[in-house]
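> give me a 3D structure for the following:
(chains A, B and C)
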Amino acid sequence: MRYELTRFPLVKAVLKNRWPQLVVLTVMLAGFLFAIMAGLVGTPVGNQNFVIVFVWIAWWAILILVAVPFLGRGWCAVCPIPLPGEWLSRGAILAPHDGKKPWLNMRWPNRFRNIWSQNITFLLVALFSTVILTTPLVSGGVLAAMLMVAIGTSLVFERRAFCRYLCPVGGFIGLYAQTAPLELRVKNKDRCIQCVGKPCYNGSAAGYGCPWQVFPPGLTRNTYCGLCMECLRTCPHDNIALNLRPFGADLEKPSRRMDEAFKAFIMLGAAMIYALVLLGTNGTLKSAAYSVGSVTWFGYAVGFLVFILGILPGFFWLAVRIGQLLSGSIDPIRSAFTAFATTLVPLGLMSWIAFSLSFVLTNASYILSSVSDPFGWGWNLFGTAGITWQPLLSTLVIPMQVLALAGGLLWSVRTAQKVSAETQITPLPVVIYAMMATLMMLGLLL
Amino acid sequence: MKRSEILARCLVITATLSVLVIPPAARWFNNRQAVELHAKIAEIGGWTPESISAQVGAPLHLRLTSDDVIHGFAVGKLDGPAVDVEPGKVTSLTLNFDKPGKYTFYCTRWCGLNHWRMRGTVDVTGKGTLDPQPAPPPLYTTLNLDLDAPHPVAVIPVVKPSAVRGKKLANAHPIIRYLIPDYYRSHSPAQVYLDLRADQSLTLLNDPQVWDLVAYIWQQNTTPAALADGRQRFARNCAACHGETGAGNGVFADDLAQFDTLGTSGSNRPVDFTNPVTMLGAGPGLLQGKIIRGGMGTGMPMWGSIFSDDQIWSVISYLYSYHFEESIK
Amino acid sequence: MTTPRFYWLLFGLAGLVIAFFPLRFHFSEPQEREFRIYASQYAYSPAKLSANPGDTVTIELVSTDVVHGLYIDGYGVSVTADPGETARLTFTADHPGAFRLRCNVTCGALHPFMIGKLQVGTNSLLWRAIGLSILTALAGVMLFKPPTQIKTA
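Okay, here's the model as predicted:
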């Protein structure tokens, strides 16, 4: 069941034309640089600094509540981080010209063509997150570092290697994009088979070959397509379509990748630990998470990693194993494990939505004051600088969280059933695992 | 290069440059006329800058902001309310000086154990409109009081002395010469008691009645307004260490033990003002000296450059209210 | 006739019952309660308070290091205390449920995460949510049966 959006000439024209995209990208880039500057020279008080308020409250809210669930990798389509490096490497901002070859253009090594590196970068950010989220200088520094790494990567490697293999955000956006009702696919594979040159991957005068290193005819899941629209521009056979589709369509065909499975554990575990530490009432835990370099922080870091990389996958392994034994399956456990890990995708997404609802609605009022005084320098650009902090929709937060978590559980059970059909293994232990995870999140948030 | 590419580059460069250049430029512009004063808790720097220059008659524009928690700002010996210095926000304040000198500015909202150390100076030069009067030396120097000597008393009242009863007694037994401020300020309550006790005209009074007269003398040397001011000043500046009931058990009392830099054995906990054995042995002049000078090596601040004499007398009269009843409740 | 539609109806109804069925809890008569809460960077002590619906609650806020506030999210009442100046807040706990206490005076880096909890009555929302989750898991298993039966040994 697919509804093609690019059937409308206006939609196709707007997406193919580089100018609307460039305007949006320029605004994003300006905002991004503005945020970095706010972090580096603005007030050190987090809740009065643009970089904290607009990145960790406003942008995060839009990302996890709107962009990822509804647009998949929609954020990647407008993200400014790869742009300066890409423009430098291509020698152009708009369409290719002069037949110029990009810089070193090395191929990302085979050994690292997976998302393990993104798992690591996300874990690094997560371990320092308490400091990053509250300290403008550190936030600004992290964003600047990402920009520098992206530029450096573009000058050495081909295409968007940073986005595909290093970006900590991209790891989970890709994983959760599988749930979104938006996709980019080829219309008819036969046309691709007959196509000479495959400009969608190799580029042409009309545009660049897929920066995401995806081969459009082989695109069956949203995970790695960044919706940059280059293939829409280069395909000479009008064979690329942007479609609306049911939620969770990609979960029907579970990937059997261990790196993606662990990404799911990392995200689920991080949501739980953040709910416990940041939204809980225990000051000792918060101090431990904040005092980077101290003995207590090392204890926190070890606990964090053991839970996310050991306990959560460990119990899941048990659940899958028990399911296998109950069903008499003789498949290798690894295959069943990675297949069933797909159930954690909707579960994790809804856990993050439930978690984010709390701190976003609690602190959204800072957005209004920050927009008028982004640096905490006493400005009042829009007259809203004096707005005092006030939680939003307090009475609705918990019901919304309950709905999100129950919805996530239902969705993941449904996914478990589909995996079960494919693997011929009973889903009941995994269902129990998902239910326990849901109960834990409820206990932490309510 | 195609025109569209040039246009695209212009767009990107313009957007990038304006975002990077305009904010610092705006800040520089705003700050030309003002001194931007940053507040941090004392442990990580206190006020930045710590010393400011100003001119008599020329307004000093300040832009006050805090880099961590809520602080306050006021200038000692200068009339004017304290202003809050809020984290990530800017409070604008204009100060006018009509006398040259070295003024001390200080933090007025408790921001940690070393809150009182958050001070800076404003050096004001120029000619004042009034001839500068040399400040009179504080009482403890003229009286030659040893501020650090212990001052326990042998006799304390059995019941809390009442100024109301004392007033009635004073109507019947005049004690005019004991009421004058010079006498009151230079004698501790215990000394006043002994003087009264030795006075021939008061031999018929019993001990509690003599104490009531002491309470009356105290009350006559203060006013309800001064007591209220003293109470408020104590709550805002002293209670965090000395306790809200003056018992030496404020929230920082335990942490102050670390200030034993003189190696003086004996606790460096804040003084318990509710202890009559020590308090009744301390005269107003002695207390004023301790408040002005501070306690060397302990956490007791020196308030001499901050509060006026009247303000300090008010606090002292409030301290005695732990020991004397002012009015019938 | 256990058609899928029947199950949807059944589970839907059960969900509504769990979510909205009025539960009557019996508590003692409303009384006056006092809590002395010490606020420091970045926690309240005690961090969890309980009261019965209808109680008159007085909170004495004692700040031990910097100026802190206490805002009851859901009640909208708040109080601020400087160290050395204990502040009092009195209100009637007429809304049952679980509410967060939040600091509303920027008190340092982790200020947005300085959180406590007030429970008035039972946390019925949590129990309902737990019930809903168990029901959801059951519903998922019953409603999304895979096309071929999985044998369980």
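> for chain A, give me its nearest residue in the stretch 101-250 of chain B.
residue B:111 (13.6 Å; C-beta to the nearest C-beta). From N, CA and C alone the C-beta is placed, and that goes for glycine too.
> all strands of the stretch 51-200 of chain A, in order?
With strands called from DSSP state E, counting those that start in this stretch, the stretch 51-200 of chain A shows them at A:182-186.
> any stretches of it with poor pLDDT?
Counting by pLDDT under 70, the stretch 51-200 of chain A shows low-confidence ranges at A:98-100, A:102.
> chain B contacts on that one?
Contact residues (C-beta under 8 Å from any C-beta of the partner chain) of the stretch 51-200 of chain A with chain B: A:87, A:92-94, A:97.
> the residue of the stretch 101-250 of chain B closest to chain A contacts residue C:66, correct?
Yes - with contact defined as C-beta atoms under 8 Å, residue B:111 reaches residue C:66; the gap is 5.3 Å.
> need the overlap of contacts for those two.
B:41, B:69-70 (C-beta atoms under 8 Å, 6 or more residues apart in numbering or on different chains).
> show me which of these is closest to residue B:81.
Nearest to residue B:81 out of the shared contacts of residue B:111 and residue C:66 is residue B:70 (C-beta to C-beta; 15.8 Å).
> longest helix in the chain, by residue count?
Just going to use chain A. helix A:394-423 (DSSP state H).
> try again with chain C
Max-length helix for chain C by DSSP H is helix C:124-143.
> for that helix, what is the average pLDDT?
The average of the pLDDT scores along helix C:124-143 is 92.
> backbone phi and psi for residue A:358, please?
phi -60, psi -60 (degrees, to the nearest 10).
> would you check that it makes contact with residue A:401?
Yes - between residue A:358 and residue A:401 there is a contact under C-beta under 8 Å: 6.8 Å.
> give me the more crowded residue out of these two.
residue A:401 (25 against 22; other C-beta atoms under 10 Å in any protein chain shown).
> distance of the more buried one from residue A:275?
10 Å (C-beta to C-beta, to the nearest Å).
> what is the burial count for the nearest residue to residue B:244 once chain neighbours are set aside?
In space, and not counting its chain neighbours, residue B:244 is closest to residue C:86: 6.0 Å by C-beta to C-beta, 6 or more residues apart in numbering or on different chains. Per other C-beta under 10 Å, the neighbour tally for residue C:86 reads 19.
> can you pull the contacts of residue C:86?
B:244, C:60-62.
> ok, which pair from the residues you listed is furthest apart?
B:244 and C:61 (12.5 Å).
> let me see the contact set for the residue positioned nearest the centre of chain C.
Chain C has residue C:98 as the residue nearest its centroid, 2.3 Å off, counting by C-alpha atoms, centre = their mean. By C-beta under 8 Å, 6+ apart, the contact list for residue C:98 reads A:398, A:446, C:117-120, C:123, C:125-126.
> doesn't it lie inside a strand?
Yes - the assignment for residue C:98 is a strand, going by DSSP: H, G, I helix; E, B strand; the rest coil.
> so what sits opposite residue A:207 in the bridge?
residue A:204 (DSSP bridges).
> surely it meets residue A:234?
Yes - if you go by C-beta under 8 Å, residue A:207 and residue A:234 touch, sitting 4.2 Å apart.
> before we move on, the earlier item: neighbour count: residue B:244 and residue C:61, which is higher?
Shown here are residue B:244 and residue C:61; by other C-beta under 10 Å, residue C:61 has more neighbours (24 against 17).
> tell me who's in contact with the spatially most central residue of chain A.
What sits nearest the mean C-alpha location of chain A, by C-alpha atoms, centre = their mean, is residue A:173, with 2.0 Å. For residue A:173, the contacting residues are A:63, A:68, A:72-73, A:75-76, by C-beta under 8 Å, 6+ apart.
> if I pick residue B:89, what's in contact with it?
A:48, A:373, A:376, A:378, A:385, B:65-66.
> dump the residues you listed to JSON lines, plus neighbour count.
Formatted as JSON lines, the contacts of residue B:89 follow (neighbours: other C-beta atoms under 10 Å in any protein chain shown):
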{"residue": "A:48", "neighbour count": "28"}
{"residue": "A:373", "neighbour count": "24"}
{"residue": "A:376", "neighbour count": "28"}
{"residue": "A:378", "neighbour count": "20"}
{"residue": "A:385", "neighbour count": "20"}
{"residue": "B:65", "neighbour count": "22"}
{"residue": "B:66", "neighbour count": "31"}
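> the helices in the stretch 301-446 of chain A, which residues?
With DSSP state H, counting those that start in this stretch as the criterion, the stretch 301-446 of chain A has helices at A:312-327, A:333-340, A:344-363, A:365-372, A:394-423, A:428-445.
> and the third one, anywhere near chain C?
Looking back up the chat, that one is helix A:344-363. Yes - interface with chain C: helix A:344-363 contributes A:359, A:362-363 (C-beta under 8 Å from any C-beta).
> okay, the angle between that helix and helix A:312-327?
140 degrees (axes from the mean of the first three to the mean of the last three C-alpha atoms, to 10 degrees).
> and helix A:344-363, how far from the chain's centre?
Centroid displacement of helix A:344-363 relative to its chain, using C-alpha atoms, centre = their mean, to the nearest Å, is 13 Å.
> ditto for the fourth one
Going by C-alpha atoms, centre = their mean, the spacing between the C-alpha centre of helix A:365-372 and its chain's C-alpha centre is 25 Å.
> what comes up buried for that helix?
A:365-371 (16 or more other C-beta atoms under 10 Å in any protein chain shown).
> would you turn the contacts of residue B:89 into CSV with distance to chain C and pLDDT?
As requested, the contacts of residue B:89 are exported to CSV (distance: C-beta to the nearest C-beta, whole Å; pLDDT from 0 to 100):
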residue, distance to chain C, pLDDT
A:48, 8, 97
A:373, 14, 96
A:376, 11, 95
A:378, 15, 93
A:385, 15, 94
B:65, 12, 97
B:66, 8, 97
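> show me which pair in those residues is furthest apart.
A:385 and B:66 (15.5 Å).
> nearest to residue A:220 among the contacts of residue A:173?
residue A:72 (13.6 Å).
> the closest one: neighbour count?
28.
> let me see the contact set for the closest residue to chain C within the stretch 201-350 of chain A.
Nearest to chain C in the stretch 201-350 of chain A, going by C-beta to the nearest C-beta, is residue A:283, at a distance of 2.5 Å. Taking C-beta under 8 Å, 6+ apart, we find residue A:283 in contact with C:40-43, C:45, C:47, C:114.
> would you mind measuring from the closest residue to residue A:375 other than its chain neighbours to residue C:113?
Distances taken as C-beta to C-beta, 6+ apart place residue A:42 nearest to residue A:375, at 3.7 Å, with adjacent residues excluded. From residue A:42 over to residue C:113 the distance is 21 Å, taken as C-beta to C-beta.
> with residue A:29 instead?
Taking C-beta to C-beta, one finds residue A:29 at 31 Å from residue C:113.
> the more surrounded of residue B:111 and residue C:66?
Under the neighbour definition other C-beta under 10 Å, residue B:111 and residue C:66 were set side by side, and residue B:111 has more, 30 against 25.
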